[in-house]
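**Student:** Below is the sequence, then the predicted model.
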Amino acid sequence: MISIGLVGCGAVVHSNYAKTLPVRSEYSVRFVSDINEAQAQSAAALFNAQATPLDELVRQADAIIITTPPSTHEDLVLKSIRSGRVVLCEKPFMTSAAAARRVVDAAAAANSELFVGHFRRTFPQVRLARDLVKLGTIGQVQAIRMSEGGRFTWKAVSGYTVRDPAGGVLWDTGSHTLDTALFVAGMDLWPDLELSKIQVRKDKAEPSHDFKARFEVLGGKAGQSPVGFQLHFSRFEALPNFIEIIGERGKISLSAGMDTRVRLATAEGSIVLSAEEQYAEILECFELQLRRILLRDGQEDFAAFRFVGLTTILETLSNA
Amino acid sequence: MPEASSVKTIAVVGAAGFVGRQLLKTMQDAGVQVTAVIRGAAELSVEGSFHNVLHESQVTESTAFDLVINLAYPNSGPLFSYAAQNRLIFAAVERLMKPGGRLIHVSTQAVFGLALDRPVSASPVRKVRDAAYVEAKIEAEHHFAALQKKGGLSLDIVRLGNVWGYASGAWALPLVQRLLTGRPIGVQGVAGLSNSTDVANVASYLSHLAIQGEGAPGLRFHHLAEFSSVPWSYWIDRLAAELQVSPVHAGPEQMTLPVSGRAELAEAMAGVKPRALYRRLAGERVSGSWARSMLTRLPRPLFVKLKGRELSPAKAMPLSREDQMFLSIMSAQQEFKSQVVAGWTPPVGQEESIRRVLGWLRQEW
């Protein structure tokens, strides 16, 4: 039985982890910790776990899940990594690419396995779209468009989504959508990304609530042309929640939310393909991610090094 | 825009929603002072553009208003919590109202069934088992009608058709989303009526009622769907042309509800958990009764025993329950005709409405 320590006991723990972690025989939450004592006690009751000081949790837990606001992630990850230990950091991973590289390197040096929670990578349509890109159905990826927006209802206990510079719509919603696009396009495996021709329009300084950008990304294999990006994320306005991957021979459209279908359009015409897997509820995908990571079965999709490029994009855009 | 009548102070409850924000803007543009009453974290949607904001927790007897426009309804959290959420909304609205004051309560055509499959009339509806959203809306109509009867207030219940328009999260967005990703958007051979209304017209009508209405004691029903006779295919074809995609239609056979859910029933009933079963059933739309809802979930042998006939499962790939619910609305055959006060005409016509939605789609990203 893997004993899990939860660092941070805010909204995502009470809404998502509480419904997906306590029901398995292979692992269980034994320790919880939060600077807000009431939140810690509430989470302890949910999991029948022990509310402990952070140091105690770090000493005793087999695996650690970090769900605190993003500006605290680097210190907590560095404190948590230890030989043989699994550490899962919630998204957004780090607030800078340099910090992302530091923790990835530190985890490797310590022989600790570091992962990032981006559960949309388990969505059926996302995996189908990724397979289509891998198979070369649309050729080399040339451009990616995406949008996601709607009334913002997430109530973070810490209030970081309206106060923390890394809590705005780009880092919060946008990190999900951008990550999905990079994963589908295979660009999360690019070793280094570089942005150019950046144009940004947003409602205010970070944390912003409405974010539009156009830019190009360089950094793939030799001979890879820059990939043009267009994106719009909003907490004010309903926007189509979708991602479009445009290649030299066609394009793939998919929903940013959980779905099974992908629209593939090539010169021959347009067809809708459906993934074999289907999930009734989105939390099934959240649980699937946890199982893959904690039981090390398909965990490679969530390895931390695959999120350095995403962090580079987020950092560059938010500073633009 | 008409001159303001004797109404002095106006509060809008549920102001952070799609209709609420449009209503605030319309009334502000008309020079009418309005207070936006919001709940929870909703201030984000109105902050910056509207400064006269009152959080529900700040409401006291001294902040009572001459007119309250209620747009709020349960729309988040578990479906089984809708009744409790409704009670909180009722309490907030009542705290905001002056004794014998005036209330405009915004309801929906869905009180006649999501697919508009019960008789439509501008009069009270009976309580029936339906989707949690519909039940909550019916309950709200009953609650405020009872309040009117008891307290003699002036009550206008405005039932809206399918509210679409620029950046409509309820209708423009799902249509676009389904077109883009190839999810079914209609049923082959079925031309459903859209029974739609543009959000700008909704805001105009509510504003008109608020400013011009006399507010005499009594209960009045209004129905608003100026595009009631426009088929869904009209909006869909225009959107599809803009997006350069072909709409996907489900075969009629796919609309057959799967009548056996043995695994789901066993799971829901494990250890006898009636609440879990309720949560499952509350998420679905099964008109009629609880008994009928339960019947659709019976294990097959029990169904055969009770009904004396075999189940006939759908041959084609079954649609998700969400798809079936959506498509049943898209297949509505009954028209929800507007019944509005004399002297008001919708400012946005059919062509202008689609032009605005296409403008939203063409936004530079």
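**Tutor:** Ah, there it is.
**Student:** burial count for whatever residue of the stretch 1-150 of chain A ends up closest to chain B?
**Tutor:** Closest to chain B within the stretch 1-150 of chain A is A:Gly150: 5.7 Å, counting by CB to the nearest CB. In this view, the C-beta of every residue, glycine as well, is placed from N, C-alpha and C. When neighbours are defined as other CB atoms under 10 Å in any protein chain shown, A:Gly150 has 17 of them.
**Student:** just A:Ala320 next, same as before
**Tutor:** 12.
**Student:** Can you tell me, leaving aside adjacent residues, what's nearest to the residue of the stretch 1-150 of chain A closest to chain B?
**Tutor:** Closest residue to A:Gly150 apart from its sequence neighbours, by CB to CB, 6 or more residues apart in numbering or on different chains: A:Ala238 at 5.0 Å.
**Student:** Could you report the pLDDT at that neighbour?
**Tutor:** Predicted confidence (pLDDT) for A:Ala238: 87.
**Student:** what does A:Gly223 give?
**Tutor:** At A:Gly223, pLDDT is 80.
**Student:** Up against chain A, what does the stretch 201-350 of chain B have?
**Tutor:** B:245-246, B:248, B:317, B:320 (CB under 8 Å from any CB of the partner chain).
**Student:** Can you give me every residue that contacts the nearest residue to B:Tyr133 once chain neighbours are set aside?
**Tutor:** In this structure, B:Tyr133 finds its nearest non-sequential neighbour in B:Ala110, 6.9 Å apart by CB to CB, 6+ apart. Under the criterion of CB atoms under 8 Å, 6 or more residues apart in numbering or on different chains, the contact list for B:Ala110 reads B:116, B:131, B:133-134, B:137.
**Student:** mind running it again at 7 Å?
**Tutor:** When contacts are counted by CB atoms under 7 Å, 6 or more residues apart in numbering or on different chains, B:Ala110 is found next to B:133-134, B:137.
**Student:** picking that back up, of the residues of the stretch 201-350 of chain B next to chain A, buried ones?
**Tutor:** By neighbour count, with 16 or more other CB atoms under 10 Å in any protein chain shown, those hold B:245, B:248 as buried.
**Student:** Among the residues of the stretch 201-350 of chain B next to chain A, which one sits closest to B:Glu335?
**Tutor:** B:Val248 (25.8 Å; CB to CB).
**Student:** re earlier: as TSV, the residues of the stretch 201-350 of chain B next to chain A with pLDDT and secondary structure would be great.
**Tutor:** Below are those laid out as TSV (pLDDT from 0 to 100; DSSP: H, G, I helix; E, B strand; the rest coil):
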residue	pLDDT	secondary structure
B:Val245	88	coil
B:Ser246	89	coil
B:Val248	90	coil
B:Met317	54	coil
B:Ser320	77	coil
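**Student:** thinking A:Ile282 is in contact with A:Met258, fair?
**Tutor:** Yes - shown here, A:Ile282 and A:Met258 form a contact pair, counting by CB atoms under 7 Å, at 4.9 Å.
**Student:** The two: which is more packed in?
**Tutor:** With neighbours defined as other CB under 10 Å, A:Ile282 and A:Met258 compare such that A:Met258 has more, 20 against 15.
**Student:** Pretty sure that one sits against A:Arg121.
**Tutor:** No - applying CB under 7 Å, one finds A:Met258 not in contact with A:Arg121, separated by 11.6 Å.
**Student:** Over to the residue lying closest to A:Thr20 once chain neighbours are set aside: give its phi and psi.
**Tutor:** Counting by CB to CB, 6+ apart, A:Thr20 lies nearest to A:Glu287, which is 3.9 Å off, once chain neighbours are set aside. Main-chain torsions, A:Glu287, degrees, to the nearest 10: phi -70, psi -40.
**Student:** quick one: A:Glu287 and chain B, what's the gap?
**Tutor:** As judged by CB to the nearest CB, to the nearest Å, A:Glu287 and chain B stand 15 Å apart.
**Student:** I'd say that residue and A:Lys19 touch.
**Tutor:** No - using CB under 7 Å, A:Glu287 is not in contact with A:Lys19; the gap is 8.2 Å.
**Student:** more crowded one of those two?
**Tutor:** Comparing A:Glu287 with A:Lys19 by other CB under 10 Å, the one with more neighbours is A:Glu287, at 21 against 14.
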